[in-house]
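Asks: Have a look; sequence and predicted model below, questions after that.
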Amino acid sequence: MAEPLSSVKMHNGNIMCLYKSDKKSEMYFNGNAYTDILNFIWFDFVQGANIVFDLGANYGQFVLNPISKDTATKIEAAYCFEPNPKLANALNESLKKSELEQLVKVVPLGVSNDAGKFDFFINLYSSGGSSLDSDQAFNPLDGIYQLKTEVQTIRLDDFANKEKLSVKGKSVALKIDVEGSDFLALEGALPLLADAEEFLLIMETGKSSAEAFEKRFRDNDALSFFSQHHLYVTYQNQMIKVKDFYDYFSHFKNTRGSIDIVVCTRPLDSNHYLNLAKSAKESMGLST
């Protein structure tokens, strides 16, 4: 028997559908999900964006929070890539209840640097802990994994071509949080970002995937993508402007976890967004 969905009404009238058995759903029921600095950066940019790509959409926070049927005046299309069938089902229900199903499309595929398949391990305790690495998807409650699932992948630029979607002259918002294949997904997105008039990229990155990307492209123009645009790293309640890929990578010596990066065509006011995040955390009684 399929697990029933619960729902929460959001600030903009949207309805987010969730599975209560999923530990990650707690952050949406209590509102803690919206205190991170990336939330504010993304929200501002999406208000003026034409095309939105959410790679690794999960429950759809980065679409349902900034986009509603009454405010999506400039958005021409939005795509949520979510290969976990259970989460894709929840997101489709959210879009229907929020009257966004005609504007926002759920794509049940993974995104990488090539079309193919890979094994994906779903954490039974919290969907946010799912990973390409079975050790990272360990279930602390009962010591098992869900049966691994095989996920079909596509390059983002190939997807756009199949959809006959052009980003030339457009404002593009791209979020990448794909459980360990972050830079692989970015490879297929770079041609689209090069064609856009302006863009914002936010991406969760890990040290090992960044190292692999550097090895593949150290003699290629791909690394210059980071130095040619405004680049920021965010971690441990900080937002720091850095000059290039190697400057970004040096920050892994300061943290054992992931580092979020922001790449954009126009500069951002770090203090403004840090203050927004600090105020949001304080209002929720969270440490800053």
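Replies: Happy to help now that I have it.

Asks: close enough to count as contact, residue 67 and residue 45?
Replies: No. In terms of C-beta atoms under 8 Å, residue 67 does not count as a neighbour of residue 45; the distance is 11.9 Å. (Each C-beta comes from the backbone N, C-alpha and C, glycine too.)

Asks: what do these two both touch?
Replies: Residues touching both residue 67 and residue 45 (C-beta atoms under 8 Å, 6 or more residues apart in numbering): there are none.

Asks: what residue ranges in this protein score low on pLDDT?
Replies: Along the chain, the parts satisfying pLDDT under 70 run over 1, 136-147, 288.

Asks: For it, just list every one of the strands.
Replies: With DSSP state E as the definition, the chain shows strands at residue ranges 6-9, 15-18, 51-55, 77-81, 104-107, 110-111, 116-120, 149-154, 171-176, 198-205, 230-235, 238-242, 259-264.

Asks: Using JSON lines, lay out those together with distance to residue 280.
Replies: Written out in JSON lines, the entries for the strands of the chain read as follows (distance: least, C-beta to C-beta, whole Å):
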{"stretch": "strand 6-9", "distance to residue 280": "17"}
{"stretch": "strand 15-18", "distance to residue 280": "18"}
{"stretch": "strand 51-55", "distance to residue 280": "21"}
{"stretch": "strand 77-81", "distance to residue 280": "24"}
{"stretch": "strand 104-107", "distance to residue 280": "25"}
{"stretch": "strand 110-111", "distance to residue 280": "29"}
{"stretch": "strand 116-120", "distance to residue 280": "32"}
{"stretch": "strand 149-154", "distance to residue 280": "33"}
{"stretch": "strand 171-176", "distance to residue 280": "19"}
{"stretch": "strand 198-205", "distance to residue 280": "17"}
{"stretch": "strand 230-235", "distance to residue 280": "14"}
{"stretch": "strand 238-242", "distance to residue 280": "14"}
{"stretch": "strand 259-264", "distance to residue 280": "16"}
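
Asks: Let's have those in JSON lines, adding distance to residue 224 and mean neighbour count.
Replies: As requested, those are exported to JSON lines (distance: least, C-beta to C-beta, whole Å; neighbours: other C-beta atoms under 10 Å):
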{"stretch": "strand 6-9", "distance to residue 224": "43", "mean neighbour count": "14"}
{"stretch": "strand 15-18", "distance to residue 224": "39", "mean neighbour count": "22"}
{"stretch": "strand 51-55", "distance to residue 224": "22", "mean neighbour count": "27"}
{"stretch": "strand 77-81", "distance to residue 224": "26", "mean neighbour count": "23"}
{"stretch": "strand 104-107", "distance to residue 224": "29", "mean neighbour count": "20"}
{"stretch": "strand 110-111", "distance to residue 224": "22", "mean neighbour count": "27"}
{"stretch": "strand 116-120", "distance to residue 224": "27", "mean neighbour count": "15"}
{"stretch": "strand 149-154", "distance to residue 224": "25", "mean neighbour count": "16"}
{"stretch": "strand 171-176", "distance to residue 224": "18", "mean neighbour count": "24"}
{"stretch": "strand 198-205", "distance to residue 224": "15", "mean neighbour count": "23"}
{"stretch": "strand 230-235", "distance to residue 224": "11", "mean neighbour count": "20"}
{"stretch": "strand 238-242", "distance to residue 224": "14", "mean neighbour count": "16"}
{"stretch": "strand 259-264", "distance to residue 224": "12", "mean neighbour count": "21"}
